[in-house]
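Peer 1: for reference, the sequence and a predicted model appear below.
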Amino acid sequence: MICATILHQAPDRGAAAAIVPVGLAWGAAVLALGSRIELRHWGWLLLAAALVRLPLVGTPPLLSDDLYRYLFEGLALAAGHNPFTEAPAGLPGLDDALRAQVNHPEIPTVYPPLALWWFRLLALAATPTAVQGATALLDLVVPPALLIATRRAWPAWIYALHPLPAIEAACGGHIDVPAIVAATVGVAAWRRGHRGGAWWALGLGGLLKLLPAVLLPALWRRLPRRQLQLVALLALATALALPVLPAGPALLQGAGAYASRWAFNGCVYPWLEPLGPAVRWPLVGLGASVGALALWRHTDPGEVWALVGAAFVLLSPTVHPWYVLWALVPSLLCGRRGWAWASLPLLGSYAVLLAYDPQTGQWAEAPWLWWITWPPALLLLALAYRSEPSATAP
């Protein structure tokens, strides 16, 4: 409620940074108390998660303006445009007021095909509040899925009450949330013996945001009718992509711009950046190696996700707060609290908005941002893993 009040009253994005100390105190209280909750009743769990998220729905999207791009790309797709070849800047006359709020309008889309259909659905309502509400509603699936996957109450309660998923779903409306919902459901289904359901949940997650697709090979050896399942998933992906397939090589244009140019508060990358842009490729290779090792060592997709998600957050040149969800959720799936703790100082990267200039709409990343986020995050991560070294998925 306090964070919602701050966001409603903030005159600009710089003032929205005041949520950082509130989020830190909120998260610390949740982790101190949430681990002791043994109540497993789904009704109370869903009610608590909804009450945490509801006040944030309808707040001005001051922490991130990504949802404006979601709405515009959905509108463009509905109007017959191809978001992979036609960037928002090249579509004047198509809701110019909305287009003016899209960040980096010169860059075409970077999102997989199912994400674009999600945007098209959101564009029917065409308001930020609709994006926030729909995303928060989907996010309510994660706590019960954690309860099913782990057979423990505390991971579900921590996620239900934790500030990071609440803020990123109900305020930010990020596409990462639906993808994480699908991936979490997939892991829960796999652990309860629903192999085909797990395959499709993870496949849909990969069509929303690519990372869940990395988990699919972990399912392959024990997947019933696996050749048929693969062909069916590829057929669905092709059908969803039909409106944009004429883009050809331009399908990678936006992703290429993101991969080669974007950087924000990375853990490792700022120390390697002086070596030049080519240093990104060894980081990609290292991340791929971690993924291959995870698939070789583990048959449980939750354990694979935990390693891949941690590698993604630690090695990516760009680490916005919502990216940390990709490490937090699998950590909980595997019965560990490390990333739930580490995500709290990383929420502090919203302090970058203190440098926001309302006249130009720009902000600059200060050197101190890394020092107030990553050292405490890594320390908390190390302390948490040291205290629960034997925590494993059931």
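Peer 2: Looks like it came in fine. Numbers count the residues shown, from 1 in each chain.
Peer 1: look up how far Gly172 lies from Gly34.
Peer 2: Per CB to CB, to the nearest Å, Gly34 is found 22 Å from Gly172. Where C-beta positions appear, they are placed from N, C-alpha and C, glycine not excepted.
Peer 1: who has more neighbours, those two?
Peer 2: Gly172 (25 against 22; other CB atoms under 10 Å).
Peer 1: wait, that one sits on Pro60?
Peer 2: No. Using CB atoms under 8 Å as the test, Gly172 is too far from Pro60 to be in contact (11.5 Å).
Peer 1: skipping its backbone neighbours, what lies nearest Ala355 in space?
Peer 2: Trp363 (4.6 Å; CB to CB, 6 or more residues apart in numbering).
Peer 1: number of nearby residues for the one you found?
Peer 2: Neighbours around Trp363, by other CB under 10 Å: 15.
Peer 1: residues in contact with it?
Peer 2: Contact analysis of Trp363 by CB atoms under 8 Å, 6 or more residues apart in numbering lists 13-14, 352-353, 355-357.
Peer 1: and with 7 Å instead?
Peer 2: 352-353, 355-357 (CB atoms under 7 Å, 6 or more residues apart in numbering).
Peer 1: show the buried residues in those residues.
Peer 2: Neighbour counting with 16 or more other CB atoms under 10 Å marks 352-353, 356 as buried within those.
Peer 1: mind putting the contacts of Trp363 in CSV, secondary structure, distance to Pro165 and pLDDT included?
Peer 2: Output for the contacts of Trp363, formatted as CSV (DSSP: H, G, I helix; E, B strand; the rest coil; distance: CB to CB, whole Å; pLDDT from 0 to 100):
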residue, secondary structure, distance to Pro165, pLDDT
Val352, helix, 20, 91
Leu353, helix, 20, 89
Ala355, helix, 26, 82
Tyr356, coil, 24, 77
Asp357, strand, 30, 73
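Peer 1: is Ala351 in contact with Leu369, as I believe?
Peer 2: Yes. Using CB atoms under 7 Å, Ala351 is in contact with Leu369, at 6.5 Å.
Peer 1: what residues of the helix or strand Gly205 falls within count as buried?
Peer 2: Using DSSP states H and E, Gly205 sits in helix 195-208. Neighbour-count burial for helix 195-208 flags 195-196, 198-208 (criterion: 16+ other CB under 10 Å).
Peer 1: which one of these is nearest Ala123?
Peer 2: Nearest to Ala123 out of the buried residues of helix 195-208 is Leu208 (CB to CB; 16.1 Å).
Peer 1: surely the closest one meets Ala182?
Peer 2: Yes. If you go by CB under 7 Å, Leu208 and Ala182 touch, sitting 6.4 Å apart.
Peer 1: for the top helix by length along the chain, give the mean pLDDT please.
Peer 2: If you go by DSSP state H, the chain has its longest helix at helix 368-387. For helix 368-387, mean pLDDT is 91.
Peer 1: how far away from the center of its chain is the lowest-mean-pLDDT helix or strand in the chain?
Peer 2: The weakest-scoring helix or strand in the chain, judged by mean pLDDT, DSSP states H and E, is helix 253-261 (a mean of 81). Taking CA atoms, centre = their mean, to the nearest Å, one finds the center of helix 253-261 at 18 Å from the center of the full chain.
Peer 1: list the buried residues in it.
Peer 2: 253-255, 257.
Peer 1: do stretch 284-292 as well
Peer 2: 287, 290-291.
Peer 1: would you turn the residues you listed into a markdown table with pLDDT and secondary structure?
Peer 2: Shown next, in a markdown table, are the buried residues of stretch 284-292 (pLDDT from 0 to 100; DSSP: H, G, I helix; E, B strand; the rest coil):
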| residue | pLDDT | secondary structure |
| --- | --- | --- |
| Gly287 | 92 | helix |
| Val290 | 92 | helix |
| Gly291 | 91 | helix |
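Peer 1: and those residues as a markdown table, adding distance to Val102?
Peer 2: A markdown table is the format used below for those (distance: CB to CB, whole Å):
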| residue | distance to Val102 |
| --- | --- |
| Gly287 | 29 |
| Val290 | 34 |
| Gly291 | 32 |
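Peer 1: wait, Asp66 touches Val177, no?
Peer 2: No. Counting by CB under 7 Å, Asp66 sits too far from Val177 to count as a contact (11.4 Å).
Peer 1: which one of these two is surrounded by more residues?
Peer 2: Val177 (25 against 19).
Peer 1: ok, now which ones touch the more buried one?
Peer 2: Counting by CB under 7 Å, 6+ apart, the residues that Val177 touches are 135, 138-139, 168-169.
Peer 1: identify the spatial nearest neighbour of it, chain neighbours not counted.
Peer 2: Val177's closest residue in space is Ala169 (CB to CB, 6+ apart), at 4.6 Å.
Peer 1: that's a strand at that neighbour, yeah?
Peer 2: No. Using DSSP: H, G, I helix; E, B strand; the rest coil, the assignment for Ala169 is helix, not a strand.
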